[in-house]
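Visitor: have a look; sequence and predicted model below, questions after that.
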Amino acid sequence: MPPTRSQNVATRSTPTIALAFLAMVSILAGACSNAGASQPAGSTIATVPSASAGGPTGAPVALTVGLGYIPSVQFAPFYLAQEKGYYAAEGVAVTFQNEIDANLVPKVGGGQVDLGLSDGTSVIPAVSQGVPIRYLATVYGTFPSIVFTKASSGIKTAADLKGKRIGIPGKYGSSWVMLQALLGSANLKPADVTIVAYPDFGQGAALAQGAIDAATGFVNNEPVQLELSGTKATILTIDQITPLPGPGLITGVATIGAKKGAINGFVKATLKAMNEIRTDPKAGLDAAIQAVPELGKSRDAQGAVLAATIAAWSPAGAAAGAPLTGAIDVAGWDASIAYLTTIGLVPKPVTSADMVDASFTSGS
């Protein structure tokens with residue numbers, strides 16, 4: 001899920017730059033043939049099991065896993081699974097890297113990174129362009145990209161956005177896809193609102209200051225910050241309108257062939273940690289602070305971000321307390337492909353079968 005102004009409060013979620021990614025696909029062939037993986041520009045948290053923490057049989061299989069732009073409490077399940085030895089018990093030795101989605105997706109496709117966290121608005125265009133990746137397990141059951149505003153604004157539905165000033169980083173990525181779908185649900189077009197670009201991702205601050213009427217963001221980031229400042233937020237979501245796939249685990253086709261058992265173990269261990277954190281959020285918060293000590297400077301704020309993150313893991317309409325299985329909504333993927341086709345993000349026809357591998361989850 002690029003950071004906000006303050007890492008101590010939250011970071012931008014993994015849904016990111018689908019359109020920017022398209023421009024990078026032409027260099028993928030070279031990346032695929034590059035035997036040496038380059039170091040990502042983002043931060044790296046490298047962790048290796050102790051000598052006594054071997055896998056079920058033989059030496060651990062090394063997996064490099066790309067998360068969001070910078071380390072964050074949003075990645076608590078990965079930190080907890082590492083800290084508690086869940087990955088080691090599955091026979092894998094994990095190294096975490098942090099990278100923006102537009103860079104991560106081609107690296108996963110080229111085998112430079114084994115697994116990554118990415119949403120459908122990046123995966124669908126990538127596969128349509130021939131990038132050999134597969135989506136393996138759902139992490140966010142609800143699409144976390146949202147439009148939010150102050151509750152005092154009177155904006156309660158998508159139709160209320162007509163004529164309003166809406167802040168967004170730019171006309172690209174998951175936020176732009178979501179905004180078009182949200183406006184379309186009320187028979188509105190981008191021309192019916194005033195789009196205000198904030199390339200530095202400062203739209204949340206602009207909303208708080210009254211410079212705009214509404215803004216795009218992520219459900220576990222900007223509206224959380226707004227409410228922490230004492231201003232109640234209204235959130236408009238896309239889930240009941242267009243079922244865009246939320247962030248989940250992706251890998252390369254070649255990587256599946258080479259490391260399928262290790263990947264299966266990684267998925268299993270991550271889901272175990274997610275379910276544990278949903279029951280005991282403090283365990284996740286403690287693990288995140290252990291992995292990223294700076295987060296401990298704002299423990300209460302980080303707890304609020306984690307609570308919003310946990311809520312976004314469950315699919316809309318899921319029974320309370322139902323286990324998180326990573327199940328993939330294939331019908332939702334097909335609907336998303338159809339929608340992204342209408343806005344020009346699917347240059348070559350594809351289906352969910354071209355990009356989803358449900359064999360790694362128990363609930364698909």
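Guide: Nice, thanks for sending it over.

Visitor: low pLDDT regions in this structure?
Guide: 1-57, 362-364 (pLDDT under 70).

Visitor: rerun that using 50 as the cut-off
Guide: The model of the chain has pLDDT under 50 over residues 1-44, 46-55, 363-364.

Visitor: quick check: domain ranges of it?
Guide: With automatic domain parsing as the criterion, the domains of the chain are listed as 18-142+245-360, 145-236.

Visitor: quote the end-to-end distance of the shortest one.
Guide: When you say that, I think you mean domain 145-236. 9 Å (C-alpha to C-alpha, to the nearest Å).

Visitor: just how off-centre is that domain within its chain?
Guide: Here domain 145-236 is found 19 Å from its chain centre; the criterion is C-alpha atoms, centre = their mean, to the nearest Å.

Visitor: can you add mean neighbour count and give the domains of the chain back as a markdown table?
Guide: C-beta coordinates here come from the backbone N, C-alpha and C atoms, glycine included. Output for the domains of the chain, formatted as a markdown table (neighbours: other C-beta atoms under 10 Å):
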| stretch | mean neighbour count |
| --- | --- |
| domain 18-142+245-360 | 20 |
| domain 145-236 | 19 |
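
Visitor: mind listing residues that contact stretch 351-364?
Guide: For stretch 351-364, the external contacting residues (C-beta atoms under 8 Å, 6 or more residues apart in numbering) are 123-124, 127, 133-138, 249, 256, 263-264, 267, 271, 323, 325-328, 330, 333-334, 337.

Visitor: kindly recompute the last result at 7 Å.
Guide: Applying C-beta atoms under 7 Å, 6 or more residues apart in numbering, the contact partners of stretch 351-364 are 123-124, 127, 134-137, 256, 263-264, 267, 325-328, 330, 333-334, 337.

Visitor: enumerate every residue touching I168.
Guide: If you count contacts by C-beta under 7 Å, 6+ apart, I168 has them with S175, W176, L179, I195, A197, Y198, Q203, T216.

Visitor: now with 6 Å, please.
Guide: Contacts for I168 were tallied using C-beta atoms under 6 Å, 6 or more residues apart in numbering; they are S175, T216.

Visitor: dihedrals phi and psi, it?
Guide: phi -160, psi 150 (degrees, to the nearest 10).

Visitor: looks like T95 contacts L63 (just checking).
Guide: No - using C-beta atoms under 6 Å, T95 is not in contact with L63; the gap is 7.4 Å.

Visitor: please report how far A181 lies from I146.
Guide: 12 Å (C-beta to C-beta, to the nearest Å).

Visitor: K232 too?
Guide: K232 sits 15 Å away from I146 when distances are taken as C-beta to C-beta.

Visitor: name whatever forms a beta bridge with A62.
Guide: A62 forms beta bridges with A93, as assigned by DSSP bridges.

Visitor: break down the stretch 1-150 of the chain into its strands, ranges please.
Guide: Ranges of strands in the stretch 1-150 of the chain, per DSSP state E, counting those that start in this stretch, are 44-46, 61-67, 92-98, 115-118, 133-138, 145-150.

Visitor: which one of those lies closest to P293?
Guide: Closest to P293 of the strands of the stretch 1-150 of the chain is strand 44-46 (C-beta to C-beta; 11.4 Å).

Visitor: so how far is the top helix by length along the chain from its chain's centroid?
Guide: Assignment by DSSP state H gives helix 253-279 as the longest helix of the chain. Here helix 253-279 is found 16 Å from its chain centre; the criterion is C-alpha atoms, centre = their mean.
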